[in-house]
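Q: build me a structure from this.
(one chain, ligands or ions: 1)
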Amino acid sequence: MIDLLGAGESGFGQFNALTITATLGMVTATLALWTIVRPKRFPPGPRGLPIVGSIYSINDSPEVVFGEWAKKYGDIFGFKAGERWIVVLNRQALIKEAVLKQSVGFADRPDFLSLDIFSDGFKDIAFSPYSETWKLHRKLAHSALRHFATGKPLQDLISSVYPKVEKKLAMTEGQPIDPKVLITLLMYNVLAQMCFGRSYELEDPNVAQWMNTNDEINEHLGLGLAADFFSWAKYLPTNGPWMLKELQERLWGFLRLQVDETREHYDPENINNVYSLLLKAQEDARKEGENVDKLTDTHIFQTIADIFTAGILTTVETLYWAMALLATYPEIQAKIRVEIDDVIGRDRLPTINDRGKLPYTEASLYEVLRYSSIVPNALPHATTRDTEFGGYHIPKGTTVIINTYSMHYDPQEWDQPDKFLPEHFMDGSGTVRDHPPSFLPFGAGRRGCLGEAVAKADLFLIFTWFMQNYTFSKVPGKESEEILKMIPQTASGRLLLSYEIMINKRD
Ligand code: HEM
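A: Prediction:
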């Protein structure tokens, strides 16, 4: 007998299974495709793949990938990275329009998990959202830096470290040296005195440990965490967030010792370092009966951590580039030295008042900042509100990348941008061009670098002192070796790989 019913059931069952599978497939495909449907009037850009977007393309120096996309889609383009829509701004007109003219609209930061972990819940200055709390801390930090990190106090502070550097260099005279350790120790001392009123031996093992931890962070987390782009990734048993927490604890642990010590010796009648000034602000607010929710110990710790870390790492990387460039271009080095010998001579230290009198030296330093572009995409911004920009609509909360590298290497703005030429910053009459239009190494506007003035003064004093007293050259026998090689695969910046040079005292 033919089992009509059974056959019918089985046919119906098969039909049902097929329909369900097909429907599920279609729903999944639609949902997946929906993940890359652009918001209305969003800037054009690469389409990317469902779910992941174009994140797979950002696997090496993002600023280079962005340059390629800008050629294809224009100076403003957008793409999806995991769950995030990202807009990238290129070249000076658009970047300045955003950070200077529409500063508030672009003043937020994205809520990446990595930044959340690093700033103890966005309680620092650099990564916290645009808010009243951020404004308060930025203002406080600004005023503290004005007190302790400008003019004569800064000059005295920096020159107090020179004897330690001289001693160290005397020990390595005639031998190849990787100057990274030396300049980190120099800057560490400067920042420790500025922030905590404390100095360190150049050989202090804690300093070396602090440096290694920073290197580890760059190495393992240079391109951020998966959870920065996929919210569900924080539930995966991967070790990214855990590793970041552990590294952060190590980094902050050491800083905490200095914070506790400074607190122990805190004297409101004698405020002589940045951290004590922040404590005083907290104490005053308490006395006035003000709400100190925005001025907790964690906030103050995070502010000092920002100043300390940003203040050391950025200046060190810039000086590291400067030394490699000087060793590579001895003829530029010789011209700088002639100028310094003429204006300052050899018998006194360079001072902050020498600024403006050394055009070629200053032009060379600006060229180091342009050529190195150590922070090529600034820090990530985000829109504070729905924003009309460049003929497009950028929804509130969109991550925005300011590609300052595109300004610094723009062939329409610079003659031979790929070359290291101090003349880029000189005008025809021998005067330094300190604000050329396509130059923004510190960002600008609301979120511009808090330490720009400090960094420029630090760099001027240290660079000039080194040039006045030492020569930099490639290691004999290795003259043809390239030392300007960058660490690949990192979003932490354009950082150089380790190198060795000769640093010899001038006769
Ligand atoms: C060569 C040295 C330096 C360079 C190239 C540099 C560059 C930058 C850049 C590009 C930004 C991001 C701007 C933006 O997002 O639009 C930034 C932010 C910042 N920098 Fe610097 N910086 C340097 C030195 C310093 C120093 C010495 C300090 C502290 C003493 C400092 C503290 C900060 C802070 C706190 C922020 C975050 C500002 C905010 O979000 O409100 N930087 N810096």
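
Q: can you list contacts of stretch 262-278?
A: 140-141, 143-145, 147-149, 193-198, 259, 279-280, 283, 300, 303-304, 307 (Cβ atoms under 8 Å, 6 or more residues apart in numbering). (Each C-beta comes from the backbone N, C-alpha and C, glycine too.)

Q: which PyMOL command selects the buried ones in those residues?
A: To isolate the buried subset of these in PyMOL, counting by 16 or more other Cβ atoms under 10 Å, use the following:
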select buried, resi 140+141+144+145+148+149+193+194+195+196+197+259+279+280+300+303+304+307
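
Q: close to the ligand as well: tell me which of the contacts of stretch 262-278 qualify.
A: Taking Cβ under 6 Å from any ligand atom as the test, the ligand is in contact with 145, 307 out of those.

Q: strands - which of the contacts of stretch 262-278 land there?
A: Among the contacts of stretch 262-278, DSSP state E puts none in strands.

Q: need phi/psi at the residue of the stretch 1-150 of the chain found nearest the ligand.
A: In the stretch 1-150 of the chain, the residue that lies nearest the ligand is Ala126 (3.6 Å; Cβ to the nearest ligand atom). Ala126 has phi and psi values of phi -60, psi -40 when expressed as degrees, to the nearest 10.

Q: write out the residues of the stretch 1-150 of the chain neighbouring the ligand.
A: Residues of the stretch 1-150 of the chain lying near the ligand (Cβ under 6 Å from any ligand atom): 125-126, 138, 145.

Q: cutoff 8 Å now
A: 99, 109, 124-128, 134, 138, 141, 145, 149 (Cβ under 8 Å from any ligand atom).

Q: dump the residue contacts of the most centrally placed residue in the chain.
A: Nearest residue to the geometric centre of the chain (Cα atoms, centre = their mean): Val375, 4.7 Å. Neighbouring residues of Val375 by Cβ under 8 Å, 6+ apart: 314, 404, 441, 443, 493.

Q: hey, where'd the strands end up in the stretch 51-200 of the chain?
A: 76-81, 84-90 (DSSP state E, counting those that start in this stretch).

Q: TSV for these, including mean pLDDT?
A: Output for those, formatted as TSV (pLDDT from 0 to 100):
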stretch	mean pLDDT
strand 76-81	96
strand 84-90	97
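
Q: neighbours around Glu331, how many?
A: By the criterion of other Cβ atoms under 10 Å, Glu331 has 6 neighbours.

Q: and it, what element?
A: Assessed by DSSP states H and E, Glu331 sits inside helix 330-343.

Q: can you list contacts of that helix?
A: 325-327, 350, 354, 357-361, 364, 420, 422, 464, 467-468, 471-473, 506.

Q: and the residues you listed, which are buried?
A: Among the contacts of helix 330-343, the ones that count as buried by 16+ other Cβ under 10 Å are 325-327, 350, 354, 358-361, 364, 420, 422, 464, 467-468, 471-472.

Q: how many other residues sit next to Ser429?
A: Neighbour tally, Ser429, other Cβ under 10 Å: 6.

Q: now do the SS call for it.
A: The three-state label given to Ser429 by DSSP: H, G, I helix; E, B strand; the rest coil is coil.

Q: picking up where we left off before, distance check, the residue nearest to the centre of the chain against Thr19.
A: 55 Å (Cβ to Cβ, to the nearest Å).

Q: one more: Tyr366?
A: 68 Å.

Q: ok, those two, which is more surrounded?
A: Just comparing Tyr366 and Thr19: by other Cβ under 10 Å the higher neighbour count belongs to Tyr366, 22 against 10.
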